[in-house]
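1. Structural data only, the sequence is not supplied:
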């Protein structure tokens, strides 16, 4: 992320946010008159009031709230929470923080060049129940990750009132609010005043400063209509973006009459880039609501998604909840399964704060960084390769922009910007990151290599610009490298490594290694489409200068780095994992030791971003030091805020809210750490260890080369079962302790826990034209 050691982006962001929030608060009060006072009494979200964002002490939710649910997939509290720990619902197309006044839409940004940010849509789905003529005894606020539902349950003397909020998993243009009043007691005598009435307010917040909305004509079913375009295009050629809303007119009150024991009201918001699609999707929502299938088809889609990929641990409820919460929040910012077949859309990428954040100057403005490729992408690839492909597609769709950027810089090939939004061009607020933090291009190449290794997807390479991107990235690195006669090697000068505290260095050890991977990738990918590769790319890779300290036997972060110099986050240690650079164990150990602390002082900033400590943990697991690994692993998810398992960027609660980057790093430490998985070009390695306190560790639906595989580990064995295979999937073999066994669908094979094994295709890939 953008962290300038002299004037940090975090400070800049907070100052700008304060100004914006003050102006928004004033605007909201003037627009809504006395609505705020009424809402504050009965509604958990206070419009325009975001106190915890402004607190110097960061998020305080862990001190104030508690998750009372005993289920790993359900988070529940008797209170709603401060802004920094409020849950989100989304489906990759639209998303919102529950009970907030904003909706955000995939790919919809406003602002010129470096001011581009997610465009705020006033939330027509933010429905407040401000008064009810019953005596309320308590509230329950529940996020059910297995069903993708947020529910508020109001327990009253005569009834239960349930409000359910969700972003539909199939009808992806829809946000749903469903309110049910169910009578507890038997109906009173005829003529008695037994009606139950609830007052409703649509707390939309201020007008959007990003989209010039105007009211449209009434919709086909009497719904309200709003339409507009973003006010400022990202580039001169990208154009403004149209947005259309159709939403259910909200009555002032809803009433359960004395003749009924229960009634449900459904309020639908439909959002699209075209009026026709917004209208059509709204009508489909109405039809399914009348048929009673609107919610059930949504929860069935979530059930199907979880059945095709999840992780379970026992005897450690906080860990189990952290796993489910992290998977839920990342997946709810990604498209649904089969989205290209049902209601397709172009996915524009996963931002560090997810789809529900990124307004103004907050939460990295919704931009796409290296975070997607390096942190969130790998665990998704292992379960849902089609969603990993969607993440790669946000790069291939902008390949022409990347080629233009490279050409403008006097380079060859394709150069992706450090921060990307709608157009594919640079939107980073600070030029130095765009100029120097070029490792993002290697990160994209490495993600592509992982995808090819996991899928053998020839069509992605041949028909979907994958090969063009792979070769474009290699060509970029070849032109960005230069031969140093004194070193007899190729060097890369003037870069910023992942450690952003050092912004203009030569031969970053991470950057040069990821460049090597990029330069070698075309040779690997070429076999799948029978292509040829220029020889100079592999020659440059083979002669890339990798800085190394022979005296201390470790990798300096860059040329001229001094032992003990403070760094921001995981950098050199990423060579061991995820890059899997081959090195002796002692050097790997030295890298881990020297970059944690030196001479009694922290080297990696203890207040740095969340994903760092999980990578340290993976390193120590590889070296067999489980005590050290477990210690650092526990540190890796201190950033989770109760009760809804929202992540903050730092453990103090500051930085980006719902930090998906940290979630991705944490999930990698579970999968690739305790699972020991390593996705290599010719095989999938594994080496299971039980996570802390757990007696069972199950990974369901891991997808390798079209086979869905379940792993069930206990203190003795790991049971491995291929549950299904795609029609063109290769047969798989398991190699363990020198023995090779065929993995047959439905037949379980067991190996000892804590033992290295590999799963390989029975026959290596062969090009058939």
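-> Yep, it's here. Model, not experiment: these values are computed from the prediction.
2. what helix or strand is the residue sitting nearest the centre point of the chain on?
-> Centroid-nearest residue in the chain: residue 330, 3.6 Å away (criterion: CA atoms, centre = their mean). Residue 330 belongs to helix 317-331 when assigned by DSSP states H and E.
3. and that helix, what does it pack onto?
-> In terms of contacts (3 or more CB pairs under 8 Å, 6 or more residues apart in numbering; DSSP states H and E), helix 317-331 is packed against strand 310-313, helix 377-383, strand 646-647, helix 660-668. All C-beta atoms are positioned from the backbone trio N, CA, C, and that covers glycine.
4. so where do the helices sit in the stretch 551-700 of the chain?
-> 585-596, 612-622, 626-636, 660-668 (DSSP state H, counting those that start in this stretch).
5. typo on my end, it should be the stretch 351-500 of the chain
-> Using DSSP H, counting those that start in this stretch, the helices of the stretch 351-500 of the chain run over residues 370-371, 377-383, 385-396, 399-408, 431-436, 439-455, 458-463, 466-480.
6. so which of the ones you listed gets nearest residue 621?
-> helix 377-383 (15.8 Å; CB to CB).
7. on that earlier part again, does the residue nearest to the centre of the chain touch residue 664 like I think?
-> Yes: with contacts counted by CB atoms under 8 Å, residue 330 reaches residue 664, the gap being 6.6 Å.
8. any shared contact partners between these two?
-> Taking CB atoms under 8 Å, 6 or more residues apart in numbering as the contact rule, residue 330 and residue 664 both touch 376, 379.
9. what does stretch 601-609 contact?
-> Residues outside stretch 601-609 that contact it (CB under 8 Å, 6+ apart) are 1, 501, 564-570, 594-597, 612, 616, 649-652, 655, 659, 661-662.
10. Can you flag the buried ones in the residues you listed?
-> Listed as buried from the contacts of stretch 601-609 are 1, 501, 567-570, 594-596, 612, 616, 649-652, 655, 659, 661-662; burial here means 16 or more other CB atoms under 10 Å.
11. Okay, now the unreliable bits of the chain?
-> 1-57, 186-193 (pLDDT under 70).
12. cutoff 50 now
-> Low-confidence segments of the chain, defined by pLDDT under 50: 1-56, 191.
13. ok, residues contacting the helix or strand hosting residue 269?
-> Residue 269 is part of strand 262-272 when elements are defined by DSSP H and E. For strand 262-272, contacts defined as CB under 8 Å, 6+ apart pick out 93-94, 103, 105, 121, 124-125, 127, 173-183, 223, 243-248, 250, 254, 256-257, 278-279, 281-282, 285-286, 289, 294.
14. Can you select the buried ones from the residues you listed in ChimeraX?
-> Here is the ChimeraX command that selects the buried residues among these (16+ other CB under 10 Å):
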select :93,94,103,105,121,124,125,127,173,174,175,176,177,178,179,180,181,183,223,243,244,245,246,247,248,250,254,256,278,279,281,282,285,286,289,294
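15. Restricted to strands, list the contacts of strand 262-272.
-> Per DSSP state E, strands hold the following members of the contacts of strand 262-272: 94, 103, 105, 121, 127, 174-183, 243-247, 254, 256.
16. Excluding chain neighbours, what is closest to residue 440?
-> residue 370 (4.4 Å; CB to CB, 6 or more residues apart in numbering).
17. The closest residue to residue 461 other than its chain neighbours: neighbour count?
-> Leaving out its chain neighbours, the residue that sits closest to residue 461 by CB to CB, 6+ apart is residue 467, at 4.3 Å. With neighbours defined by other CB atoms under 10 Å, the count for residue 467 comes to 20.
18. Report the separation between residue 467 and residue 129.
-> 55 Å (CB to CB, to the nearest Å).
19. ok, now residue 118?
-> Counting by CB to CB - residue 118 and residue 129 are separated by 28 Å.
20. Residue 112 now?
-> Distance, residue 112 to residue 129, using CB to CB: 40 Å.
21. do residue 690 as well
-> For residue 690, the distance to residue 129 equals 46 Å [CB to CB].
22. cool, and residue 84?
-> Taken as CB to CB, the span from residue 84 to residue 129 is 24 Å.
23. So which of those two has more stuff around it?
-> residue 84 (22 against 18).
24. pretty sure the more buried one is in contact with residue 658, am I right?
-> No: applying CB under 8 Å, one finds residue 84 not in contact with residue 658, separated by 9.0 Å.
25. overlap in contacts of the two?
-> Common neighbours of residue 84 and residue 658 (CB under 8 Å, 6+ apart) are residue 646.
26. nearest residue to residue 446 other than its sequence neighbours?
-> Nearest to residue 446 is residue 517, by CB to CB, 6+ apart, at 5.3 Å.
27. three-state assignment of that neighbour?
-> helix (DSSP: H, G, I helix; E, B strand; the rest coil).
28. ok, now the one 4 residues further on?
-> When the structure is reduced to helix, strand and coil (three-state DSSP), residue 521 reads as helix.
29. show me the contacts for it.
-> By CB under 8 Å, 6+ apart, residue 521 lies in contact with 445-446, 448-449, 470, 473-474.
30. Mind picking the two most distant members of the residues you listed?
-> Top of the distance list for the contacts of residue 521 (CB to CB): 446 and 474, 12.2 Å.
31. The two: which is more packed in?
-> Per other CB under 10 Å, whichever of residue 446 and residue 474 has more neighbours is residue 474, with 31 against 24.
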